[in-house]
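Q: Give the three-dimensional model of this entry:
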Amino acid sequence: MHILIVDWSGPIPALKYGGTERVIWGLGKCLHELGHKVTFLVPDGFTGDFAESIPLDQTKDLNDQIPEDVDVVHLNYPPHQPIHKPYIITMHGNPWPDEHIDPNTVFISRNQAERHNSDVFVHNGLYWDDYGTPNLDKPRTYFHFLGKASRRVKNVFGAAKIVLKAKGKLMVMGGERWNSRNFTRGFKYIFNPNITFLGMLDDAEKMKVMEKSKALVFPVEWHEPFGLVIIESLYAGCAVFCTTNGSLPELLSPEVGMASNDSDALAEALRNFKYDPQRCNSYAKEHFNAKKMTLEYLKLYKKVANGENLHAENPLYIPEKNQVTPLL
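A: Below you'll find the model as predicted:
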């Protein structure tokens, strides 16, 4: 089967920030390993030897840029026009309440699907060989936050609040201490000596930080569609403590972390959890690897290639299921 993977952002592979790019890099790699032909249609280039690449021109009709011999088009954003080949669309973000959702949409968690009257989802997986083998024997002396800290819904200062309650130290990856938004949202935290801002880091730098971290603290106040930072942290041997919003609870088991909207309960867990880096690493490799994800997508490729839609009716936003619970 010849699969065309289409994305409109970032180079492939991602160097620092870029969740979708990490996912489709691993997807393409595994498709190739399973004997399929892969082509990327992306605007900013592809560096690799397992797929072909075509530069995406967003000013042109997408259909005119799809090679004739493609069997299935895998889009990673909603297209602006009908697609003439069999296709699926992965919904990496949260649609707007009034957004039209295509019947061939695939969600990336059970929660995200249920919030849009659907049961069609594929959990993200990453190509762990690209991350190297983490050192699971290093002393772990602090906690970490990983994400685009400038986004209010990621709630970096909620993470700081929880860690300070637990009498711990926090390393923030994905944000700068002197960002102007921090002065209005978290002034009392940016000067705290127990909170360190590390900026944007690449995969190797992130791994070095996480190898010395007990856990990711991730109290988001929006419905996280998936949360790649959850599985990256688990792979590095870190437990995960987060809110119950979005997909996060379904990514965890009691052995590797806890989801709660009670900051006191989360702080208590940080202090008393039985940390086991090997268990967290094994859990990530077993449940969230790129090959497992790819095999699930192949089932959907075959379905649309046979002329079927993934949904009998278009998915739609369900207001009561999209209410967010704040951190208390």
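Q: Relative to F273, how far out is the residue lying closest to G168 once chain neighbours are set aside?
A: Excluding its sequence neighbours, the residue lying closest to G168 (CB to CB, 6 or more residues apart in numbering) is F143, at 5.3 Å. (Glycine included, C-beta is placed from N, CA and C.) Counting by CB to CB, to the nearest Å, the separation of F143 from F273 is 11 Å.
Q: Those two - which one has more neighbours?
A: Here F143 and F273 are compared on neighbour count by other CB atoms under 10 Å; more neighbours surround F143, at 23 against 17.
Q: tell me which residues form a beta bridge with that one?
A: L170, A215 (DSSP bridges).
Q: ok, it to A284 distance?
A: Distance, F143 to A284, using CB to CB: 18 Å.
Q: coming back round to it: L216 is in contact with the residue nearest to G168, correct?
A: Yes: counting by CB atoms under 8 Å, F143 touches L216, with 7.5 Å between them.
Q: so who does R22 touch?
A: Counting by CB atoms under 8 Å, 6 or more residues apart in numbering, R22 touches P13, A14, L126, L228.
Q: From these, which shows the smallest pLDDT?
A: Ranked by pLDDT, those bottom out at A14, which has 70.
Q: burial measure for Q323, as a count.
A: Q323 has 9 nearby residues by other CB under 10 Å.
Q: for the closest residue to G125 other than its chain neighbours, helix, strand, or coil?
A: With CB to CB, 6+ apart as the criterion, G125 has its nearest non-adjacent residue at 3.4 Å, and that residue is M293. Following DSSP: H, G, I helix; E, B strand; the rest coil, we place M293 in the helix state.
Q: Would you quantify the distance from M293 to M1?
A: Distance of M293 to M1, computed by CB to CB: 16 Å.
Q: of the two, who's got more company?
A: A count of neighbours by other CB under 10 Å puts M293 above the other of M293 and M1, at 21 against 15.
Q: helices or strands up against the host helix or strand of L41?
A: Per DSSP states H and E, L41 falls inside strand 37-42. Packing partners of strand 37-42 (3 or more CB pairs under 8 Å, 6 or more residues apart in numbering; DSSP states H and E): strand 2-6, helix 19-33, strand 52-55.
Q: can you list contacts of the last one?
A: Looking back up the chat, that one is strand 52-55. Against strand 52-55 from outside (CB under 8 Å, 6+ apart): I12, K37, V38, T39, F40, L41, V42, P43, G45, F46, Q65, P67.
Q: any idea how far the helix or strand following it is from the chain center?
A: For strand 52-55, the succeeding helix or strand toward the C-terminus, using DSSP H and E, is strand 72-75. Distance, stretch centre to chain centre, for strand 72-75: 20 Å (CA atoms, centre = their mean, to the nearest Å).
Q: partners of strand 72-75 in the sheet?
A: As assigned by DSSP bridges, strand 72-75 forms pairs with strand 2-6 (parallel), strand 87-91 (parallel).
Q: okay if I get those strands as CSV plus mean pLDDT?
A: As requested, the strands paired with strand 72-75 are exported to CSV (pLDDT from 0 to 100):
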stretch, mean pLDDT
strand 2-6, 97
strand 87-91, 98
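Q: now those as a markdown table including distance to F197 and mean neighbour count?
A: Formatted as a markdown table, these follow (distance: least, CB to CB, whole Å; neighbours: other CB atoms under 10 Å):
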| stretch | distance to F197 | mean neighbour count |
| --- | --- | --- |
| strand 2-6 | 34 | 22 |
| strand 87-91 | 31 | 23 |
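Q: C238: which of those strands is closest?
A: Go through these one by one with CB to CB and the one that ends up closest to C238 is strand 87-91, at 26.4 Å.
Q: quick one: that closest one to helix 19-33, angle?
A: Angle, strand 87-91 to helix 19-33, by axes from the mean of the first three to the mean of the last three CA atoms, to 10 degrees: 140 degrees.
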